[in-house]
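Visitor: take a look and give me a structure for this.
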Amino acid sequence: MTCAQARPLLGAHLDGELDPRSSLELEAHLRDCAACRVELDDLRSLQESVRTRLTRFAPSPALEARLARALREPRRPRRVWLAGAGATLAAAVLVFFFLRLGSGSDRRLGDEIVDAHTRSLLVDHVTDVQSSDQHTVKPWFNGKVPFGVPVSDLAAAGFPLAGGRLDYVGGREVAALVYRRRNHVVNAFVWPESADVAPTELAERGYAILHFARGGLAWWLVSDVSVADLRELERLLAEPR
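Guide: Below is the predicted model:
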């Protein structure tokens, strides 16, 4: 196992998510590689810092209680049109909170996405290949992930390409394309996904996340830019090239 193969697995190793074979291979590599041991120690320190210091945002108990009462104990309507309006309102509330907060699985994956994003910033490992040239970044992924990574330089639209790296999210090795938006870093994580998924917005620990799947690939965009900026990047990535 090389350092390039080992680094994306370090986070999963800390979380106990590697299969036995990968875990043994990684441990053998760590015994001989001081650089990867240092990076593992840095990740361990970062993981502990994230767990103890970063604020998690959640709906207040009062809001959850009001919504639960409203959905559990609807008033009996006196007219048919009121009944229809009440059903429409309840559906709108559910759709709104689904889109804003996402499903349980989306929120868990969103939490890992934010972990990967903050880890790349705090350990100064934003890119494995640093280049604004898509013809340099795209072939760099060949043989490192089992799918083609679509790479575009979107500098003309305000999202210059900064490079790419390998990462580990949701129990799988993924590609991460790194874009800049003014002075902000935007991580665009991508991996294969058979079914299309409409854009879904999440908010996690002060970061905006936008998730969608199209053309056989799932995309997770994360940054501290505005959601509107992520929507614009999603539109650009979805354009045929």
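Visitor: give me the average confidence score over stretch 143-156.
Guide: Stretch 143-156 carries an average pLDDT of 94.
Visitor: cool, and stretch 4-15?
Guide: pLDDT averaged over stretch 4-15 gives 81.
Visitor: cool, and stretch 188-201?
Guide: So the average pLDDT for stretch 188-201 ends up being 94.
Visitor: in a helix, residue 185, correct?
Guide: No. The assignment for residue 185, made by DSSP: H, G, I helix; E, B strand; the rest coil, is strand rather than a helix.
Visitor: OK, contacts around it?
Guide: 117, 120, 121, 126, 162, 178, 179, 223 (CB atoms under 8 Å, 6 or more residues apart in numbering). Bear in mind the C-beta positions are built from the backbone N, C-alpha and C, glycine included.
Visitor: tabulate those (CSV), appending neighbour count.
Guide: Listed next are these as CSV, based on neighbours: other CB atoms under 10 Å:
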residue, neighbour count
117, 27
120, 18
121, 13
126, 17
162, 19
178, 21
179, 25
223, 22
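Visitor: in strands only, show me the residues you listed.
Guide: Among the contacts of residue 185, the members found in strands (DSSP state E) are 162, 178, 179, 223.
Visitor: now do the strands in the chain.
Guide: Taking DSSP E as the criterion, the chain carries its strands at 129-130, 161-169, 172-181, 184-192, 197-204, 207-214, 217-223.
Visitor: any low-confidence regions in the chain?
Guide: 50-51, 53-59, 73-105, 123, 240-241 (pLDDT under 70).
Visitor: can you list the domain ranges for it.
Guide: Listed by automatic domain parsing, the domain ranges of the chain are 3-53, 61-100, 102-238.
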